[in-house]
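Asker: just to be clear, the model below is a prediction. Sequence and coordinates:
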Amino acid sequence: MSTILGTDVGRDNRVVCLADLATGVQVISAATPVTEIDRVFRADRQLRSLVVHDDGVHSLLSREQVEFTLTGRLGYGRGLHARSTARQMVPEKSFFLPGTMTLATAAQRVLELPEGNRYRDVLVLTDDGPRVVSVSQIFERLSADFRYAALHDSLTGLPNRRQLEERGSASIEDAGDITRLGVLYIDLDGFKAINDTFGHQTGDELLVGFAERLRHVIRPTDVLARLGGDEFAVLLVDVDEGQLRAIADRVVLGASVPFVCDGHLLHVSASVGIAMAGDVAAEQELSPLDALLRHADGAMLKAKQAGKRQVARLDGHGEAAPIVRNALIRRRLPEAFETRAFSLHYQPQLDLASGDCSAVEALLRWTDPVLGAVSPAEFIPIMELSGDIHRIGQRVINEVCAQARTWLDAGTPRRVAVNVSPLQLAARTIVPELLDALTRHGVPPALIQVEITEGAAITDLPRAIGQLEHLRQAGISIALDDYGTGFSSLALLRSLPLTTVKIDKTFIDHIDSSPADALLVGGIIDTAHALGLTVTAEGVERPCQLQLLRDLGCDAVQGYLISRPVAPDDLPPTPISDAAAPNDFGGPRPA
């Protein structure tokens, strides 16, 4: 886990512009003889470049340029240039970037260079003089920033659920005695009322303050994470029940001290559920850490039901019902297939340039007579484990194409995005199933977009790329969904045959109140555009988020501000501006 703990980019040393990353470089006069330049490079084999100063103009002179010139085709380079100076060595047009430029913009500028010039060092001009940075440093740092954002909560700086899962899995594997692993599941009592009364900014300030108190309560070896909202979790290694409860009691006590936020004295409390690994039986559908967390979550609910502001632990006598919910879901799935209990709702996407809402995402819904409404986040993973994902995937593709045909016949064509599981890619079924459905229903491929989730593991990347390329060649667009929640690198973005990147809601939540989040989202948008990709922002819920995304150059948005997922007949109309271009099907877009 050293890559997470030791080399991640922290909040306090986040690189925001080229000047932060670039290093000093030796400056020489334009009149410097070539023989002296040759001697300087020979004396320091690690030296990569020099800066030539000529009447206020700076140019970068690399070791590669010098060696190429002095070697010459016939080996007479040194003799021919014996009387030359640095002025004759530098290129006529020197490429440089300002030190105030963001890394994402710098990466875009580098990608615009001719292929042969993309891998050279870059001259960076700052108020303190010229500096230099390598192209690899720019892209490595961007990748590190994206990885940091994927593994940390943007508000509190704590590890997020994904990092907790990573480190928790490693801790469980390395544990000598797994029964000495424990979990705290923490939920703030009364936080929603404060958020609604005083606003999100005050609520965020309280969450940051509470996170800081938690840091002082836990031990250095414990893993503290924010799970989302006002929920936190702590994984404790080498602990007994007494120690676990003592730490939980300190959490409750720490939360009871009033918070001063934005001039207000605010009172909250904490309900804490605790669970020891020895309490939890192995679950086929759950990882050991997920089983521990679900058990502790149930204990936290018990604490709330008992009056809040306390610590609770499940006694094992029927109290672990939430943990067995997955098993019940698995047992109810066969009847759901038989009774066709699944339905598709559609969530519109707003094109910010044209005002067009004709693009939609198909979202699977299930309401069970026993379980009630079941979230896809619950039943999709179970389907993947049981193999039912292929069955439901084929049904979804068929229904999406049938609905697309219906809209086309009505004169209101809509492009429909459909989510695809990595298991469908691994089974090599998605291409023939989708192409067959398009043919049967007579749907143009341009009306279908396939979405793959960044956070989902693609076990065989070359095979997945091959299938996605086949879909692209057929005219189907490809989107990377939930971008920022997984481990996609810039190299992966360039490898996958994508047309669109969808920024995850967690990045959008605070862009209107957090300049750092807005900067990060802007960097993602600029980087995606540099790679020729369009960008859709997910989870847009407030007008100020929409305006900021418009200002950042985002192409499309999706979220409750535009529309909740609705049945096909309840979709809003698709207004467009007068300047909207004709669509791919001939003639103007439908009104």
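Answerer: On my side now, so go ahead. Numbers count the residues shown, from 1 in each chain.
Asker: low-confidence ranges in the stretch 1-150 of the chain?
Answerer: Counting by pLDDT under 70, the stretch 1-150 of the chain shows low-confidence ranges at 1-15, 72-82.
Asker: tell me the secondary structure for Phe232?
Answerer: strand (DSSP: H, G, I helix; E, B strand; the rest coil).
Asker: what's near enough to touch the residue nearest to it when sequence neighbours are not counted?
Answerer: Closest residue in space to Phe232, ignoring its immediate chain neighbours: Ile186 at 4.3 Å, by CB to CB, 6 or more residues apart in numbering. Glycine gets a C-beta too; all of them are placed from N, C-alpha and C. By CB atoms under 8 Å, 6 or more residues apart in numbering, Ile186 lies in contact with Leu214, Glu231, Phe232, Ala233, Val234, Val251, Ala270, Ser271, Val272, Met300.
Asker: with neighbour count added, can I get the residues you listed in JSON lines?
Answerer: Below are the contacts of Ile186 laid out as JSON lines (neighbours: other CB atoms under 10 Å):
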{"residue": "Leu214", "neighbour count": "24"}
{"residue": "Glu231", "neighbour count": "16"}
{"residue": "Phe232", "neighbour count": "26"}
{"residue": "Ala233", "neighbour count": "25"}
{"residue": "Val234", "neighbour count": "25"}
{"residue": "Val251", "neighbour count": "23"}
{"residue": "Ala270", "neighbour count": "29"}
{"residue": "Ser271", "neighbour count": "26"}
{"residue": "Val272", "neighbour count": "27"}
{"residue": "Met300", "neighbour count": "25"}
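Asker: nearest to Glu451, of these?
Answerer: Glu231 (27.3 Å; CB to CB).
Asker: looks like that closest one contacts Leu184 (just checking).
Answerer: No: using CB atoms under 8 Å, Glu231 is not in contact with Leu184; the gap is 11.0 Å.
Asker: re earlier: tell me the secondary structure at the residue nearest to Phe232.
Answerer: Secondary structure assignment for Ile186 (three-state DSSP): strand.
Asker: what bridges to it?
Answerer: Per DSSP bridges, the residues bridged to Ile186 are Phe232, Val272.
Asker: how much space separates it from Thr105?
Answerer: Using CB to CB, to the nearest Å, Ile186 is found at 40 Å from Thr105.
Asker: got any ranges where this structure has weak pLDDT?
Answerer: Within the chain, the stretches with pLDDT under 70 are 1-15, 72-82, 281-286, 316-328, 385-386, 454-459, 485-491, 574-591.
Asker: ok, the spatially most central residue of it - contacts?
Answerer: Nearest to the mean C-alpha position of the chain, by CA atoms, centre = their mean, lies Gly484 at 0.6 Å. The contact partners of Gly484, by CB under 8 Å, 6+ apart, come to Phe146, Ala149, Ala150, Glu454, Ile503, Asp504, Thr506, Phe507, Ile524.
Asker: apply 10 Å and report the result again.
Answerer: By CB atoms under 10 Å, 6 or more residues apart in numbering, Gly484 lies in contact with 146-147, 149-150, 154, 454-455, 501-508, 520-521, 524.
Asker: just the buried ones from the residues you listed?
Answerer: Buried residues within the contacts of Gly484, counting neighbours by 16 or more other CB atoms under 10 Å: 146-147, 149-150, 154, 454, 501-508, 520-521, 524.
Asker: these in helices, which ones?
Answerer: The helices, defined by DSSP state H, take in Phe146, Arg147, Ala149, Ala150, Lys505, Thr506, Phe507, Ile508, Leu520, Val521, Ile524 from the buried ones among the contacts of Gly484.
Asker: gap between the spatially closest residue to the fifth one that is not a sequence neighbour and Asp526?
Answerer: Counting by CB to CB, 6+ apart, Lys505 lies nearest to Gly539, which is 2.6 Å off, once chain neighbours are set aside. In this structure, Gly539 and Asp526 are separated by 20 Å, where distance is defined by CB to CB.
Asker: all strands for the stretch 351-500 of the chain, in order.
Answerer: 359-368, 372-374, 416-420, 448-453, 477-483, 500-503 (DSSP state E, counting those that start in this stretch).
Asker: mind checking which of those strands is nearest Ala312?
Answerer: Ala312 lies closest to strand 372-374 among the strands of the stretch 351-500 of the chain, at 25.0 Å (CB to CB).
Asker: how far off centre is the closest one?
Answerer: 28 Å (CA atoms, centre = their mean, to the nearest Å).
Asker: tell me who's in contact with Leu350.
Answerer: Going by CB under 10 Å, 6+ apart, Leu350 touches 356-359, 536-537, 540, 546, 555-559, 561-563, 572, 574-575.
Asker: what of Arg118?
Answerer: Arg118 sits next to Val110, Leu111, Glu112, Val135 when contact means CB under 10 Å, 6+ apart.
Asker: for the helix or strand containing the first one, C-alpha coordinates in PDB please.
Answerer: What that stands for is Val110. Val110 belongs to helix 103-111 when assigned by DSSP states H and E. Output of helix 103-111 as PDB, limited to C-alpha atoms (Å, rounded to 0.1, in the frame of the first residue of the first chain):
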ATOM      1  CA  LEU A 103      -1.200  21.100 -16.200                       C
ATOM      2  CA  ALA A 104      -4.300  20.000 -18.100                       C
ATOM      3  CA  THR A 105      -4.000  22.900 -20.500                       C
ATOM      4  CA  ALA A 106      -0.200  22.200 -20.900                       C
ATOM      5  CA  ALA A 107      -1.000  18.600 -21.700                       C
ATOM      6  CA  GLN A 108      -3.400  19.700 -24.300                       C
ATOM      7  CA  ARG A 109      -0.800  22.000 -25.900                       C
ATOM      8  CA  VAL A 110       1.700  19.200 -25.900                       C
ATOM      9  CA  LEU A 111      -0.700  16.900 -27.600                       C
END
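Asker: so how far is the helix or strand just after it from its chain's centroid?
Answerer: For helix 103-111, the following helix or strand on the C-terminal side (DSSP H and E) is strand 122-126. For strand 122-126, the separation from the chain centroid amounts to 30 Å (computed by CA atoms, centre = their mean).
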